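Asker: Predicted model and sequence follow; I will ask about them next.
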Amino acid sequence: MAIHFQDNQALKEYDISEYKGSSGKNFYSEDSALQRMVWRYSQSFSKEHIQAIENHLLGFGELAGGLLNNLTEACHKEGKYGEVQKYDRSGNRIDNILYSKEQLESRKIHYDYGIVNLDFHSGWKYDFPHIHRYALAYLANLNGEAGVTCPLAMTDGMILGLKNIGTEEQKKKYLPLVAGEGSHSHLMCGQYVTERVGGSNVGANRTIAVKRDDGKWILTGEKWFCSNPGDLWVTTAKIEGTNTIGMFLVPRFKEDGSLNNHHILRKKDIIGSRGKVTAEVIYDGVEAEEFGRPGHGLANMVRYIIKTSRIHVGLGACGNARRAVMEALEYGKWRTAYGKKVSEFPAYYRILVEMMTLQSVNIFMNFRMVEAVDKNESVQDALIPLMKYKSSSQATEICRMAILCLGGNGIIGDFSPIPRMMNDSIINESWEGTHLIITDHFLHAISKRKVLEGWNRELEQNVFGAEGIEELVIPLSTFISKKKEWEECLSRSKEWKEMNQVFLADRAYELFALSLIIMEAVEENKKNKTEKKSVYGLLADSYSEIIENGLNGSRDMNRSILHPEKSKIILEY
């Protein structure tokens, strides 16, 4: 007897037959924590400017959850990733990167929307402050790196560098290319710094720069990690006869239109951030221009390029984690097991609440960092490396938790974007400094008197007014005990601190993050004098319980994480 598929009971529709995850949602309107940050850090703007920012973010949120989400999924499949094209049909060397039409369309939409260059758009009548710029970058990362956000970070750094240390000729020549309205170059800036002899140790570069009589520099050497080969890139090289590292601009083509003397050897087989190509490149007499004073190459590289990239890593990882939380929450509403939704199981529900807590607090931390950078506050020197480390490491953990929430479906790459988010988060943990490098930078920064004074002053300001507010009694007590622990750690020997720098960074993050969420709760308490619990007070309580007992520690049934009504408010935030 013939068996027809329609008669096969195992193939009939089931609980997640129509499941689409969080795709199709407006990523901005769904994100209350981001909206809170936009409100907080735009209060000094005019009403018209605030409304324009809101409208712009809403528009991008719809794009990110819709068309851009779909394009990202389409270009992250076998046969759709970028490939190196070394020669044309006639055998001429062209050293080009071929991207799929979906990848190119995604880049164009991001660029034309003004995600990195809105201040160059003739139709935009306002400033382009950091809260707006980096809210867009964060939202873009809800689709993962996507072949876009790493190039976005490098283009952002390039624009900042050109504005601050570029010559008038370089600004006139390159800003229209990398930031100009209607440019054909859509996020095609790169960074070629790392060499095989060392990554973070840029001083070990073996590429040599020789200055010609006409002022141009000739570079000979090799670059081991070349992110986003494109139209223009920043690179480093040791100035001939010295140990000085200079920073240079390299265009893909020379002024006569011929290919600049570089050869793309091969594409790197990296585990994440695969939407854009990372390659190995040989410099065979490349023509370059000095970017800033040659003797200040390393300082300028850190001040404009690396600093910008680290900000983007923190925000990018935060965006990755936010998408993972969204997917886990959505899956819990659909999937059933043993006759009920999986989100109704207490242990599953607890994980959702804890992921939402960790993620919301991380958003507050990242955008406090952004504000510190925008206002040029000394505390930025500590917050940038701290957030680069903590956002990326926490994002990997949250993505892992979200994968487990989806069970077997969690590890399937075409079921949800979480596996891709996971791999991108691991890349973020390594990019622009591994944990040991970046926590050392944090420790160095917090050891500076001015930075530590600013840090301590803010801690006190953030919790001011919390005393006497009932819902903040436990969080404030946790803050006081953690602050005492932190101060005791700082009083230890230099050797001890260096050996425990990751531990110190974790404690610093918890302390500062708790102070920020307490601040939000105090602010809400001033506006709402009713007995109703604010979501910020509940988040302060849930976060304090996590840092008191650890992520896998026991929980009190009467506190926010396990309490049915309180936890529901957190999940609906």
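Answerer: Ah, there it is. Numbering: from 1, shown residues only.

Asker: make it CA atoms for all contacts and neighbour counts henceforth
Answerer: Noted.

Asker: can you give me how far the helix or strand where residue 399 lies is from the chain middle?
Answerer: For residue 399, the host element (DSSP states H and E) is helix 380-405. A distance of 9 Å separates the centroid of the chain from that of helix 380-405, by C-alpha atoms, centre = their mean, to the nearest Å.

Asker: buried ones in it?
Answerer: 380-403, 405 (16 or more other C-alpha atoms under 10 Å).

Asker: That helix - contacts with which helices or strands?
Answerer: helix 307-334, helix 346-374, helix 418-430, helix 435-446, helix 501-527 (3 or more C-alpha pairs under 8 Å, 6 or more residues apart in numbering; DSSP states H and E).

Asker: Out of these, which is closest to residue 33?
Answerer: Nearest to residue 33, of all the helices and strands packed on helix 380-405, is helix 346-374, at 5.9 Å by C-alpha to C-alpha.

Asker: still on that earlier bit, the helix holding residue 399 relative to helix 307-334, how many degrees between them?
Answerer: 30 degrees (axes from the mean of the first three to the mean of the last three C-alpha atoms, to 10 degrees).

Asker: Out of the helices and strands packed on helix 380-405, the one nearest residue 54 is which?
Answerer: The minimum distance between residue 54 and the helices and strands packed on helix 380-405 falls on helix 346-374, with 16.2 Å, by C-alpha to C-alpha.

Asker: how many degrees apart are that closest one and helix 501-527 in direction?
Answerer: Angle of helix 346-374 versus helix 501-527, following the same axes, to 10 degrees, is 90 degrees.

Asker: before we move on, back to that, would JSON lines of the helices and strands packed on helix 380-405 with mean pLDDT, mean neighbour count and distance to residue 113 be doable?
Answerer: Output for these, formatted as JSON lines (pLDDT from 0 to 100; neighbours: other C-alpha atoms under 10 Å; distance: least, C-alpha to C-alpha, whole Å):
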{"stretch": "helix 307-334", "mean pLDDT": "97", "mean neighbour count": "26", "distance to residue 113": "18"}
{"stretch": "helix 346-374", "mean pLDDT": "98", "mean neighbour count": "22", "distance to residue 113": "21"}
{"stretch": "helix 418-430", "mean pLDDT": "96", "mean neighbour count": "25", "distance to residue 113": "23"}
{"stretch": "helix 435-446", "mean pLDDT": "97", "mean neighbour count": "21", "distance to residue 113": "33"}
{"stretch": "helix 501-527", "mean pLDDT": "97", "mean neighbour count": "21", "distance to residue 113": "31"}
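
Asker: Reformat the ones you listed as TSV; add distance to residue 192.
Answerer: Output for the helices and strands packed on helix 380-405, formatted as TSV (distance: least, C-alpha to C-alpha, whole Å):
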stretch	distance to residue 192
helix 307-334	13
helix 346-374	25
helix 418-430	16
helix 435-446	19
helix 501-527	28
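
Asker: Figure out which of those helices is closest to residue 570.
Answerer: Of all those, helix 346-374 sits nearest to residue 570, with 6.8 Å by C-alpha to C-alpha.

Asker: picking up where we left off before, how much does the helix holding residue 399 deviate in direction from helix 418-430?
Answerer: Using the same axes, to 10 degrees, helix 380-405 lies at 150 degrees relative to helix 418-430.

Asker: so where's the protein uncertain?
Answerer: Within the chain, the ranges that satisfy pLDDT under 70 run 1-4, 529-532.

Asker: Mind jotting down where the strands sit in it?
Answerer: With strands called from DSSP state E, the chain shows them at 83-87, 93-98, 189-192, 208-211, 217-227, 232-239, 245-251, 262-267, 278-290, 336-337, 340-341.

Asker: same for the first one, what does it pack against?
Answerer: Strand 83-87 sits against strand 93-98, strand 262-267, with contacts defined as 3+ C-alpha pairs under 8 Å, 6+ apart.

Asker: what do you get if the cut-off is 10 Å, keeping everything else the same?
Answerer: strand 93-98, strand 262-267, strand 278-290 (3 or more C-alpha pairs under 10 Å, 6 or more residues apart in numbering; DSSP states H and E).

Asker: what do you get for the longest one?
Answerer: For strand 278-290, the helices and strands in contact under the criterion 3+ C-alpha pairs under 10 Å, 6+ apart are strand 83-87, strand 189-192, strand 208-211, strand 217-227, strand 232-239, strand 245-251, strand 262-267.

Asker: okay, these in JSON lines with distance to residue 28 next?
Answerer: Formatted as JSON lines, the helices and strands packed on strand 278-290 follow (distance: least, C-alpha to C-alpha, whole Å):
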{"stretch": "strand 83-87", "distance to residue 28": "33"}
{"stretch": "strand 189-192", "distance to residue 28": "27"}
{"stretch": "strand 208-211", "distance to residue 28": "46"}
{"stretch": "strand 217-227", "distance to residue 28": "29"}
{"stretch": "strand 232-239", "distance to residue 28": "32"}
{"stretch": "strand 245-251", "distance to residue 28": "36"}
{"stretch": "strand 262-267", "distance to residue 28": "35"}
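
Asker: Format these as CSV; extra columns: mean neighbour count and distance to residue 110.
Answerer: Formatted as CSV, these follow (neighbours: other C-alpha atoms under 10 Å; distance: least, C-alpha to C-alpha, whole Å):
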stretch, mean neighbour count, distance to residue 110
strand 83-87, 16, 21
strand 189-192, 26, 14
strand 208-211, 21, 35
strand 217-227, 22, 18
strand 232-239, 25, 18
strand 245-251, 24, 22
strand 262-267, 18, 24
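
Asker: So for residue 326, which of those sits nearest?
Answerer: Proximity to residue 326 (C-alpha to C-alpha) singles out strand 217-227 among those, at 29.2 Å.

Asker: Check the offset of that closest one from the chain's centre.
Answerer: Its chain's average C-alpha position is 26 Å from that of strand 217-227, according to C-alpha atoms, centre = their mean.

Asker: mind listing what that strand pairs with, with the direction of each?
Answerer: Partner strands for strand 217-227, per DSSP bridges, with pairing direction: strand 189-192 (antiparallel), strand 208-211 (antiparallel), strand 278-290 (antiparallel).

Asker: angle of it against strand 245-251?
Answerer: With the same axes, to 10 degrees defining the directions, strand 217-227 sits at 80 degrees from strand 245-251.

Asker: ok, which stretches of the stretch 451-573 of the chain are helices?
Answerer: Taking DSSP state H, counting those that start in this stretch as the criterion, the stretch 451-573 of the chain contains helices spanning 473-490, 494-499, 501-527, 535-549, 564-571.

Asker: Figure out which of those helices is closest to residue 15.
Answerer: Per C-alpha to C-alpha, nearest to residue 15 of the helices of the stretch 451-573 of the chain: helix 564-571, 22.1 Å.

Asker: Next, the buried residues of the closest one.
Answerer: Of all the residues in helix 564-571, those buried under the rule 16+ other C-alpha under 10 Å are 566, 567, 568, 569, 570, 571.
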